[in-house]
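Asks: with the sequence up front, the predicted model follows.
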Amino acid sequence: MNVLFKNIKELIQVRETAIDFLSGKEMNVLPTLKNAFLLVENGLISDFGFMEDCPDIEIKTIDATGKMILPSWCDSHTHIVYAGNREDEFVDRINGLSYKEIADNGGGILNSAKRLQETSEEDLFNQSKIRLENIIQLGTGAVEIKSGYGLTKEAELKMLRVVKKLNTDYPIEIKATFLGAHAVPENYKDNKSGYLQMLIDDILPAIQKENLADFIDIFCETGYFSVADTQQILAAGKKYNLIGKIHVNQFTAIGGIQTGIKNDVLSVDHLEEMRTEDINALKGTKTMPVALPSCSYFLSIPYTPARRMIDEGLPIALATDYNPGSAPSGNMNFAVATACIKMKMTPEEAINAATINGAYAMNLQDKVGTITKGKLANLILTQKINSYNFIPYSFGNHCIDKVFLKGLEIKKS
């Protein structure tokens, strides 16, 4: 919990004063200190500076010669609590079936829901903790986890209880999101309004009673939930003190972004299809656009137009979308690299998007996301690398030597 890092080649994302997020041109500025020290006390960042000012104290010391330190990744959009896998659908896509065709054949979200409903809470926890441990080793120090593969009261609450237990058992920062409006289950296929009412009348009170969620989300998309549905769910969530998020503009743009902004959502996620009016609507708001490049890579769909959005003054956060169907990877290093390679973000922009902006998209900007005194010492110690540009450049291999959460080294179990 108490440790002094010395001889750090470069200390990355150094912010003397706290910030909420970065937008536009600010995203290309990444403050660093070379030949630095970092002091961690009681799990928090206590001090940092140049080596010439390093304190002479008796404390556990780590020599970081040739290595860099940056805040751990902040992954603000995942679905890592799920049962089984969907590798058969992966083969179906290779053979030419579309996302919609797979869903129409009984695959997709409904496939995951059926498996999850049949899985015990204990088994679901044991499957999910393996994924959580894996992303921690890949440098993630804060993560949002959604429900949405239950689609019944019992199964949705089971998912959220698993998230709560993960939060209790692991030192990583975890935020929980209720995504009951992920798809319409088979038994409600001709009664979508009845399903939405069930979410509102039956599940939301139970979530509040057990304190199971921080956010509420909905898949606002053609063939799933409409703009009117989105308004209904976000308004209901507000009554239960759940902050809004939206899956939106993944395949079609139908006005969901504007509805989200009207409801003060914290983030709008996916954004592969962005119209000029959508970009303009986000300008000057406190809503964080979240791009999910691993999903675009896996599904071979367009990437979020991050270059245009940043050039027009918007912020961007990066997340993995870790889920069994469209992004079966929680590797934030890959998300950062893909953002640079395919979305033409600079390394500075991508690192800012994956740290402070990702933290903001979870309401965690006061705890993680920068090297700032008083924040949690959730840190990545890199291997010996020439520059931080090597992090996205080396897209097939992460550059991580050690991971620390609250100042404690997290070793592979």
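Replies: Structure's in. What do you need? Just so it is clear, the structure is predicted and the values come from calculations on it, not from any experiment.
Asks: may I have the helix or strand containing Val163 as PDB, with CA atoms only?
Replies: Element membership of Val163 [criterion: DSSP states H and E] is helix 153-169. Listed next in PDB are the C-alpha coordinates belonging to helix 153-169 (Å, rounded to 0.1, in the frame of the first residue of the first chain):
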ATOM      1  CA  LYS A 153     -36.400  -9.900 -13.400                       C
ATOM      2  CA  GLU A 154     -34.600 -12.800 -11.700                       C
ATOM      3  CA  ALA A 155     -31.800 -13.000 -14.300                       C
ATOM      4  CA  GLU A 156     -31.200  -9.300 -14.400                       C
ATOM      5  CA  LEU A 157     -31.000  -9.100 -10.700                       C
ATOM      6  CA  LYS A 158     -28.700 -12.100 -10.700                       C
ATOM      7  CA  MET A 159     -26.300 -10.300 -13.000                       C
ATOM      8  CA  LEU A 160     -26.300  -7.100 -10.900                       C
ATOM      9  CA  ARG A 161     -25.700  -9.100  -7.700                       C
ATOM     10  CA  VAL A 162     -22.700 -10.700  -9.400                       C
ATOM     11  CA  VAL A 163     -21.300  -7.300 -10.300                       C
ATOM     12  CA  LYS A 164     -21.800  -6.200  -6.700                       C
ATOM     13  CA  LYS A 165     -19.900  -9.300  -5.400                       C
ATOM     14  CA  LEU A 166     -17.100  -8.600  -7.900                       C
ATOM     15  CA  ASN A 167     -16.900  -5.100  -6.500                       C
ATOM     16  CA  THR A 168     -16.700  -6.400  -3.000                       C
ATOM     17  CA  ASP A 169     -14.100  -9.100  -3.700                       C
END
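Asks: so which elements touch that helix?
Replies: Contact partners of helix 153-169 among helices and strands, from 3 or more C-beta pairs under 8 Å, 6 or more residues apart in numbering; DSSP states H and E: helix 109-117, helix 121-137, strand 173-181, helix 204-210. The C-beta positions use only the backbone N, C-alpha and C, and glycine is treated the same way.
Asks: which other helices and strands contact whatever helix or strand comes next after the third one?
Replies: Of the helices and strands lying after strand 173-181 in sequence (DSSP H and E), the nearest is helix 192-198. In terms of contacts (3+ C-beta pairs under 8 Å, 6+ apart), helix 192-198 is packed against helix 227-239.
Asks: and after the helix it packs on, which helix or strand comes next?
Replies: Next along from helix 227-239, by DSSP H and E: strand 243-248.
Asks: now that next one: how far from the chain's centre is it?
Replies: 13 Å (C-alpha atoms, centre = their mean, to the nearest Å).
Asks: for stretch 132-146, same thing?
Replies: How far stretch 132-146 lies from its chain's middle: 9 Å, per C-alpha atoms, centre = their mean.
Asks: from start to finish, how long is that stretch in a straight line?
Replies: Using C-alpha to C-alpha, to the nearest Å, the end-to-end distance of stretch 132-146 comes to 13 Å.
Asks: in it, what counts as buried?
Replies: For stretch 132-146, a neighbour-count test (16 or more other C-beta atoms under 10 Å) marks 132-136, 138-146 as buried.
Asks: before we move on, back to that, dump the helices and strands packed on helix 153-169 to JSON lines, plus mean pLDDT and distance to Asn357.
Replies: As requested, the helices and strands packed on helix 153-169 are exported to JSON lines (pLDDT from 0 to 100; distance: least, C-beta to C-beta, whole Å):
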{"stretch": "helix 109-117", "mean pLDDT": "88", "distance to Asn357": "27"}
{"stretch": "helix 121-137", "mean pLDDT": "97", "distance to Asn357": "18"}
{"stretch": "strand 173-181", "mean pLDDT": "98", "distance to Asn357": "15"}
{"stretch": "helix 204-210", "mean pLDDT": "98", "distance to Asn357": "27"}
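Asks: out of those, flag the one nearest Lys384.
Replies: When the helices and strands packed on helix 153-169 are compared by C-beta to C-beta, helix 121-137 sits nearest Lys384, at 18.8 Å.
Asks: what is that closest one packed up against?
Replies: Helix 121-137 packs on helix 153-169, strand 400-405, going by 3+ C-beta pairs under 8 Å, 6+ apart.
Asks: tell me, how many residues neighbour His398?
Replies: His398 has 20 neighbours, counted by other C-beta atoms under 10 Å.
Asks: against Ala36, how distant is it?
Replies: Look at His398 and Ala36: by C-beta to C-beta, to the nearest Å, they are 22 Å apart.
Asks: in contact with Val227, which residues?
Replies: Going by C-beta atoms under 8 Å, 6 or more residues apart in numbering, Val227 touches 220, 254-256, 259.
Asks: pull the most distant pair out of the buried residues of stretch 132-146.
Replies: Gly139 and Lys146, at 20.7 Å, using C-beta to C-beta across the buried residues of stretch 132-146.
Asks: hang on, the earlier thing: what would the helices and strands packed on helix 121-137 look like in a markdown table with mean neighbour count?
Replies: As requested, the helices and strands packed on helix 121-137 are arranged in a markdown table below (neighbours: other C-beta atoms under 10 Å):
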| stretch | mean neighbour count |
| --- | --- |
| helix 153-169 | 20 |
| strand 400-405 | 20 |
